[in-house]
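[1] coordinates only, sequence not included:
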């Protein structure tokens with residue numbers, strides 16, 4: 001059986017970054033979230049697996065919040081299963 005990966009990208013402003021990441025995580029079919037700066041450089045990669053709970057995600061979300069404070073515009077790349 002071949003698994004097909006679906007990828008999407010979203011451009012967001014820094015202040016909306018954390019909100020969008022939380023929204024994507026709550027969808028449940030996201031395998032990996034990559035945040036890139038305007039130049040396309042990867043800033044943070046968050047691998048998500050089935051069964052991740054809030055306590056495990058808290059440090060990753062704190063990092064996303066810190067990144068949001070530094071970036072004015074970024075791209076979120078989402079790999080879905």
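    Noted; the coordinates are in hand. For clarity, every value in this text was computed on a predicted model and none was experimentally measured.
[2] tell me the phi and psi of the residue most central in space within the chain?
    Per CA atoms, centre = their mean, the C-alpha nearest to the average position across the chain is that of residue 33, at 3.3 Å. Main-chain torsions, residue 33, degrees, to the nearest 10: phi -120, psi 130.
[3] Would you map the strands across this protein?
    Secondary structure of the chain (DSSP state E): strands at 6-13, 30-36, 42-47, 73-80.
[4] Save those strands as JSON lines, and put in mean pLDDT and distance to residue 62 too.
    (Each C-beta comes from the backbone N, C-alpha and C, glycine too.) Output for the strands of the chain, formatted as JSON lines (pLDDT from 0 to 100; distance: least, CB to CB, whole Å):
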{"stretch": "strand 6-13", "mean pLDDT": "92", "distance to residue 62": "18"}
{"stretch": "strand 30-36", "mean pLDDT": "91", "distance to residue 62": "14"}
{"stretch": "strand 42-47", "mean pLDDT": "90", "distance to residue 62": "11"}
{"stretch": "strand 73-80", "mean pLDDT": "92", "distance to residue 62": "17"}
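[5] Take these and lay them out in JSON lines including distance to residue 59.
    Below are those laid out as JSON lines (distance: least, CB to CB, whole Å):
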{"stretch": "strand 6-13", "distance to residue 59": "21"}
{"stretch": "strand 30-36", "distance to residue 59": "14"}
{"stretch": "strand 42-47", "distance to residue 59": "10"}
{"stretch": "strand 73-80", "distance to residue 59": "18"}
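[6] Which of the ones you listed sits closest to residue 19?
    Closest approach to residue 19 among the strands of the chain (CB to CB): strand 6-13, 8.5 Å.
[7] just how off-centre is the closest one within its chain?
    The chain centroid and the centroid of strand 6-13 are separated by 9 Å under CA atoms, centre = their mean, to the nearest Å.
[8] helices or strands next to that strand in the packing?
    Helices and strands touching strand 6-13, by 3 or more CB pairs under 8 Å, 6 or more residues apart in numbering; DSSP states H and E, are strand 73-80.
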